[in-house]
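A.B. asks: Here's a sequence, model it:
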Amino acid sequence: MHAFRAPSAATTQAAPGPWLGGWYALLPIVLLASVRGLWAPDEPRYAEIAREIWDGDWLVLHLNGELYPDKPPLVYWLAALCGAASGWSELALRLPSLAATALSAWLAQRLALRLLTPGAAAWVPLCYLGSLMLLEIGGRLQLDPVLACLCLASVTLASDTRGAPGRVRNRRLAAGLCAGLAALAKGPVAWLHIGVGLLALGWVLRDPESERGGAPRARAPGWPSWCACAALALAPVLGWALLASAREPALYGALFFGQHVGRVVDGTQHPGPPWEHLLHFPLLFLPWTPVFVLALAEVWRRWRARASVPLDAGMRARLALSLWFLVLFAVFSAMPPKRDLYLLPLYPAAALLAAAALDELVASGRVPRRIGLPVPLLWSLLGLAGLAGGLATLLVDGPGALSSSSALAESWPLLLELRAGLSAVSALLLAGGTASLLLAWRRRPAALELGAATLIAAVALAAVLVVPRVDRLKSARELALQVAARPERPSRIACVGVQPEGYRFYARLPTVKEELAPALEREGRQFLALITRPAFERLPPELRARVVVLASRSVGARDVLVLGASP
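C.D. replies: Now for the predicted structure:
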C-alpha cells in the first residue's frame, strides 16, 4: 500500500475554528468526574474490583471475594494504581478514563490532519468531546473510554504509511501493541473495531497518483511486519488469560468463550432490538447529529456521481470514515447485546465526518436552516420545560401529590433543593437555545458552535448545582457509612435485590448476595441485611416477623432497607 497524500491547504478556503480549539468541552467532563460518587450500574463494581486487586491478587480478578471472569484486567489495574495513590478518591479512579478521553480527541485531530484538512481538524475536539455521549461517559470509571482510545491509536498508527520503511514498520508494531492493550481492556471486541477501521481506511491508503504511474515510492514493509503486529495484538490478553486460567482453572471456559462469543450467541446480556442504536445514537451525538447526517448524505451523493465526477482525496477519506462507522454500526445493531457505550469507539469516526462537514459550512458562510434550527429549537424547548417543571413544584402540595413511592416522598426535601439548580440550567438552555435559534434563522454558522457551547455550559452548570445533590440519591456512600456505624458486627451482610459492591467499597462492609434465612441463622443478634422495599414486602410473614427495619434510604431511585434481627 502507498502513502495517502492529504489535500493541500492551499486548495481549501480558510475558515475560523472553534473558540479555544474546542478543548473547553473538557471542563464539564472533568467537573462531573470530580463532584459525583460512584454511580451504578458499573462504577461501584469496577472500583471494588480495583480495591480487591490492590488488596490481593493482580492476576485473578475478584468481586466481593468471588472470582470475576467477566472482563480483562487493564482498566482495573490502572484504577487500582490511581486509587491506592490517592486514598481511593472517585476522581483518581476515573483518571484513566479522563486521560483516555482527552487522548482520543487529540488522536482524532491528528488523523483529521492526515486525512482531511487543517480546517476540519480544528473542529474535531469540539465534535468529539462536545457530544452528549462523551460529556456523560468520558469521565466515568468505565472500560470503554480506554478501549476507544487504544483502538483509535492502533488504527491511526497502522494506517500511516508515510516515511521510510523502518518508520512504517515501527508504527505497525506500536499499533499491534495498542491493539493488544485494547483487548486487555475489554476483550476481542477491540480487534473488531480495529480491523474494520483499517479495512475502511484502505480506501485512503491507495495513492491515485502512484496508481496512474506517478513517481515510485519507497517499498512499504511487507507481511512480516503485519504478522508481528498481529502477534503483539494477541500477546497481552492471551498471555493474561493463560496465566489466570492456570491459576484458576474455573476461569478457562469464561475467558476463552463465555465472556465474548458466548455472550453474543446467548444474547441474554443487555438484550435489545436491532433498531435500538438507530434510536439512541442520534440523541447521544447531539448537538452534531444534523451535521453528521449531512456529512453522510454528501458522501452518498458524491459516491453515486463518481462516474462523472471522480472522488478527490478528501472525499475518499470521508467515504472510508463512513464505511468505518456504518459497518460497525450495522454489526453492533445486529448483535443481541445492546448498550449505548458499546459504540463509543465509533465516535471518533463520527466526529471526523461531522468536523469535515462543519468546516465546509463555516467556510461557506451560510448554514441551511434544516441543519441549524433543530438543535437550538430542542434546547429552547428543554429550557422551557425545565422552567415550567420548576414552577410546578411550587404548586404541588407536598410529596404525596407527586407519588405514593416512599423513595420519592423521602426525597422531597432534596427535590426542593434541586429546584433552583435545575431552574438555572433550564434558563441557560433557554437563553443559549434562543440566541442560537436566531442565528440559525439567519443562516449564520456561529449558530452551530453556540448550540454546542450551550450544551457544554449547561452540563458544567449542572455539575456544580445539580449533580452533587443528585449524588446523594445515586451513590451508596451515605447508607454504607450509616451501616458501618452500627454496633452489629456480622461476618457477612446479606443483600437481597441490592448490589453489594458499592457498600463494600465505601465502608469495607462484608456485603454479599445471600438469602435472609441462612444469614439470620448464622449471625443471630449480629444479623444485618440490605434489601429493597419490594423484595421486603414479598418476604413470607414468618420471615418478616424475625427481622426489624433499622433504617431506610433511597439509593439509585430505590428504597433500600437496613434490617436487623427482631428482639
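A.B. asks: so Glu276 touches Lys338, yeah?
C.D. replies: Yes. At 4.8 Å, Glu276 counts as touching Lys338 under the criterion of CB atoms under 8 Å. From N, CA and C alone the C-beta is placed, and that goes for glycine too.
A.B. asks: who's more crowded, those two?
C.D. replies: More neighbours sit around Lys338 than around the other of Glu276 and Lys338, counting by other CB atoms under 10 Å; the figures are 20 against 16.
A.B. asks: Contact partners for the more buried one?
C.D. replies: Contacts for Lys338 (CB atoms under 8 Å, 6 or more residues apart in numbering) come out as His270, Pro271, Gly272, Pro273, Glu276, His277, Phe332.
A.B. asks: Please name the nearest non-neighbouring residue to Leu129.
C.D. replies: Leaving aside its chain neighbours, Leu129 sits nearest to Ala25 (3.6 Å; criterion: CB to CB, 6 or more residues apart in numbering).
A.B. asks: Look at that neighbour and tell me its secondary structure.
C.D. replies: Using DSSP: H, G, I helix; E, B strand; the rest coil as the criterion, the local structure at Ala25 reads helix.
A.B. asks: can you tell me which residues contact it?
C.D. replies: For Ala25, counting by CB under 8 Å, 6+ apart, the contacting residues are Pro125, Leu126, Leu129, Gly130, Leu134, Leu135, Ala452, Ile456.
A.B. asks: Next, give phi and psi for the last one.
C.D. replies: Phi and psi for Ile456, reported as degrees, to the nearest 10, are phi -60, psi -40.
A.B. asks: Reduced to three states, what does Ile531 come out as?
C.D. replies: Three-state assignment for Ile531 (three-state DSSP): strand.
A.B. asks: beta partners for it?
C.D. replies: Going by DSSP bridges, Ile531 is paired in beta bridges with Val496, Leu561.
A.B. asks: just checking, it touches Val496?
C.D. replies: Yes. Taking contacts as CB under 8 Å, Ile531 lies within contact range of Val496: 4.3 Å.
A.B. asks: Common neighbours of these two, please.
C.D. replies: Taking CB under 8 Å, 6+ apart as the contact rule, the neighbours common to Ile531 and Val496 are Leu516.
A.B. asks: which other helices and strands contact the one helix or strand Ser154 maps to?
C.D. replies: Remark: Ser154 resides in helix 144-158, with elements defined by DSSP states H and E. In terms of contacts (3 or more CB pairs under 8 Å, 6 or more residues apart in numbering; DSSP states H and E), helix 144-158 is packed against helix 74-86, helix 95-115, helix 165-186, helix 189-205, helix 347-364.
A.B. asks: re earlier: who has more neighbours out of Ile531 and Val496?
C.D. replies: In terms of neighbours (other CB under 10 Å), Ile531 is the more surrounded of Ile531 and Val496; the figures are 24 against 19.
A.B. asks: In three-state terms, label Thr161 for me.
C.D. replies: In terms of secondary structure, Thr161 is coil; the call rests on three-state DSSP.
A.B. asks: What count of nearby residues applies to it?
C.D. replies: Thr161 has 20 neighbours, counted by other CB under 10 Å.
A.B. asks: repeat for the one 5 residues further on
C.D. replies: Counted by other CB under 10 Å, the residues lying close to Gly166 total 10.
A.B. asks: next one: Ala388
C.D. replies: The number of residues packed near Ala388 is 10, by other CB under 10 Å.
A.B. asks: Now do whichever helix or strand it is part of, average pLDDT.
C.D. replies: Here Ala388 sits within helix 374-395, counting by DSSP H and E. Regarding helix 374-395, the rounded mean pLDDT is 83.
A.B. asks: list the buried ones in it?
C.D. replies: Counting neighbours by 16 or more other CB atoms under 10 Å, one finds that the buried residues in helix 374-395 are Pro374, Val375, Pro376, Leu377, Leu378, Trp379, Ser380, Leu382, Gly383, Gly386, Leu387, Gly390.
A.B. asks: same thing with stretch 554-565?
C.D. replies: Across stretch 554-565, burial judged by 16+ other CB under 10 Å covers Ser554, Val555, Gly556, Arg558, Asp559, Val560, Leu561, Val562, Leu563, Gly564, Ala565.
A.B. asks: which two in these are spaced the farthest apart?
C.D. replies: Among those, the pair separated by the greatest distance (CB to CB) is Gly556 and Ala565, at 26.4 Å.
A.B. asks: which residues are in contact with stretch 233-247?
C.D. replies: Applying CB under 8 Å, 6+ apart, the set of residues contacting stretch 233-247 from outside is 59-61, 72-74, 154, 176-177, 179-181, 183-184, 187-188, 191, 194, 251-252, 255-256.
A.B. asks: Recalculate using a threshold of 7 Å.
C.D. replies: Surrounding stretch 233-247, the residues in contact under the criterion CB atoms under 7 Å, 6 or more residues apart in numbering are 59-60, 72-73, 176, 179-181, 183-184, 187, 191, 251-252, 255-256.
A.B. asks: May I see the PyMOL selection of the buried members of the residues you listed?
C.D. replies: Provided next is the PyMOL selection string for whichever of these are buried by 16+ other CB under 10 Å:
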select buried, resi 60+72+73+176+179+180+181+183+184+187+191+251+252+255
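A.B. asks: Between the contacts of stretch 233-247, which sits nearest Ala50?
C.D. replies: Proximity of these to Ala50 was ranked by CB to CB; the top entry is Pro73 with 9.6 Å.
A.B. asks: In contact with that closest one, which residues are there?
C.D. replies: For Pro73, the contact set (CB under 7 Å, 6+ apart) comprises Leu61, Trp240.
A.B. asks: now swap in Leu198 and tell me
C.D. replies: For Leu198, the contacting residues are Val155, Ala158, Ser159, by CB under 7 Å, 6+ apart.
A.B. asks: for Leu201, same thing?
C.D. replies: So, once contact is read as CB under 7 Å, 6+ apart, Leu201 ends up touching Val155, Ser159, Ala320.
A.B. asks: run the last query once more with 6 Å
C.D. replies: The neighbours of Leu201, taking CB atoms under 6 Å, 6 or more residues apart in numbering as the test, are Ser159, Ala320.
A.B. asks: ok, back up a step: in a markdown table: the contacts of Ala25, plus secondary structure.
C.D. replies: Output for the contacts of Ala25, formatted as a markdown table (three-state DSSP):
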| residue | secondary structure |
| --- | --- |
| Pro125 | helix |
| Leu126 | helix |
| Leu129 | helix |
| Gly130 | coil |
| Leu134 | helix |
| Leu135 | helix |
| Ala452 | helix |
| Ile456 | helix |
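A.B. asks: For the stretch 351-500 of the chain, give me the ranges with low pLDDT.
C.D. replies: The stretch 351-500 of the chain contains residues with pLDDT under 70 at 390-417.
A.B. asks: I meant to write the stretch 151-300 of the chain there.
C.D. replies: For the stretch 151-300 of the chain, residues meeting the criterion pLDDT under 70 lie at 205-220, 257-270.
A.B. asks: taking the mean pLDDT, what do you get for the host helix or strand of Glu523?
C.D. replies: Assigning secondary structure by DSSP H and E places Glu523 in helix 516-523. Taken as a whole, helix 516-523 has a mean pLDDT of 92.
A.B. asks: And it, what's buried?
C.D. replies: Using 16+ other CB under 10 Å as the test for burial, helix 516-523 gives Leu516, Ala519, Leu520, Glu523.
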